[in-house]
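K.L.:
Sharing a sequence plus its predicted fold:
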Amino acid sequence: MEPIKFLKPAADFHVHVRDGEMMKLVVPTIRQGGVSVAYIMPNLVPPLTAVKDVLAYKSRLEEVDSEVTYVMTLYLSTAITPEVIHEAAKAGITGVKCYPAGVTTNSDYGVNSYVPYYPTFAAMEEENMVLNLHGECPSAGHIHVLNAEQEFLPTLKDLHTRFPKLRIVLEHCTSAAAVAAVKECGPTVAATITAHHLSLIIDNWAGNAHNYCKPVAKLPSDRDALVEAATSGSPKFFFGSDSAPHPVVNKEKAKGYSAGVFTQPNVVAYVADVFAKTGKLDKLEDFVCNFGRNFYNIAEKPTDWTIALKNENVIVDPLLGTGPGAVVPFMAGEPLDWKVEIV
Ligand code: NCD
Ligand code: ZN
């Protein structure tokens, strides 16, 4: 089979690259995985809640690899007033990420209620900024990790009704219910789908911390709905890997291990594997390259490279880096039928 060459590299609309040594280790894997546009999440420690801090972080990323287009976000917290939104829009910041308090890695400063943020959302709507929602309700009472996303969907619909022109992305959607809800909303609402949620189900993370992320992978029927949405050709569903590196020591603790699956070095290959298995390779370029770019309409740095997909058997590297800060990639040591080449 001839390699499949894309017109442009992929665009990944949900990326965690951290800071410091971890950033230096992980940022080079963005391009290596076939991606030239990375939408950067703000859940650093402490989180990015000031425009100047986001811009300083962008400069640090540029120092590691200046050829990637980094699309920047703020972390929604009480510091993000309408004034900050106007300042952020002027500074070229694209989105605001909303984490419900306590649902995932570094979400301690997240929101408990959306109501106090209505003026902020109104300012974002005015500035045409994007609201990126981590769509889960915190576990409590009848809510648990398997229904946390479904329980959040009325909030998604409510925010969309209140702010119909506000572009909203339901991040890393994991359930058939979420896919249906996003389809029911107007064109300002879209969803990202990760690489790992296209193959994982609950059994794969119950007993394997490396497959544990939030939102958790759910039932086979949910995974099938995600594959169907990603391969459907609907522009409402596009790629955001949610690649989330954690030091191996934090993943391999007996308990209290970190949530996050690290996919960056092979992101496009993982997705290609699933699309090929379902006979939908013809839909891959739209999903990983075009639909996200169209939704966001961001200014991109020009690139003089693209990617070609080769139907070739490769074994995923067991580890990125060395020592306690090394990171275990998704499917470490397992075979993949697709390889991405930079051309
Ligand atoms: C992410 C992380 O590690 O930063 N973890 C995860 O399980 N997905 C945070 C997030 O996106 O929820
Ligand atoms: Zn994430």
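P.N.:
Looks like it arrived, so ask away. Ligands and ions are numbered 1, 2, ... in the order given.

K.L.:
Enumerate the residues of the chain near ligand 1.
P.N.:
His16, Asn43, Thr104, Thr105, Asn106, His134, Cys213, Lys214, Asp242, Ala244, Ala259, Gly260 (Cβ under 6 Å from any ligand atom). To be clear about C-beta, it is placed using only N, CA and C from the backbone, and glycine gets the same treatment.

K.L.:
Just the buried residues of these.
P.N.:
Among those, the ones that count as buried by 16 or more other Cβ atoms under 10 Å are His16, Asn43, Thr104, Thr105, Asn106, His134, Cys213, Lys214, Asp242, Ala244, Ala259, Gly260.

K.L.:
Return the subset of the residues you listed lying in strands.
P.N.:
His134 (DSSP state E).

K.L.:
which of the buried ones among the residues of the chain next to ligand 1 lies closest to Met22?
P.N.:
Of all those, His16 has the smallest distance to Met22: 9.5 Å, by Cβ to Cβ.

K.L.:
mind listing the strands for the stretch 51-200 of the chain?
P.N.:
Assigned by DSSP state E, counting those that start in this stretch, the stretch 51-200 of the chain shows strands spanning 69-71, 73-75, 95-98, 130-134, 167-171, 189-193.

K.L.:
Save the ones you listed as JSON lines, and put in distance to Lys301 too.
P.N.:
Shown next, in JSON lines, are the strands of the stretch 51-200 of the chain (distance: least, Cβ to Cβ, whole Å):
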{"stretch": "strand 69-71", "distance to Lys301": "5"}
{"stretch": "strand 73-75", "distance to Lys301": "18"}
{"stretch": "strand 95-98", "distance to Lys301": "18"}
{"stretch": "strand 130-134", "distance to Lys301": "19"}
{"stretch": "strand 167-171", "distance to Lys301": "22"}
{"stretch": "strand 189-193", "distance to Lys301": "22"}
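
K.L.:
In CSV: the ones you listed, plus mean pLDDT.
P.N.:
As requested, the strands of the stretch 51-200 of the chain are exported to CSV (pLDDT from 0 to 100):
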stretch, mean pLDDT
strand 69-71, 99
strand 73-75, 98
strand 95-98, 98
strand 130-134, 98
strand 167-171, 99
strand 189-193, 99
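
K.L.:
Tell me the confidence at the spatially closest residue to Val316 that is not a sequence neighbour?
P.N.:
Spatial nearest neighbour of Val316, chain neighbours left out: Met331 (4.6 Å); criterion: Cβ to Cβ, 6 or more residues apart in numbering. With respect to pLDDT, Met331 scores 98.
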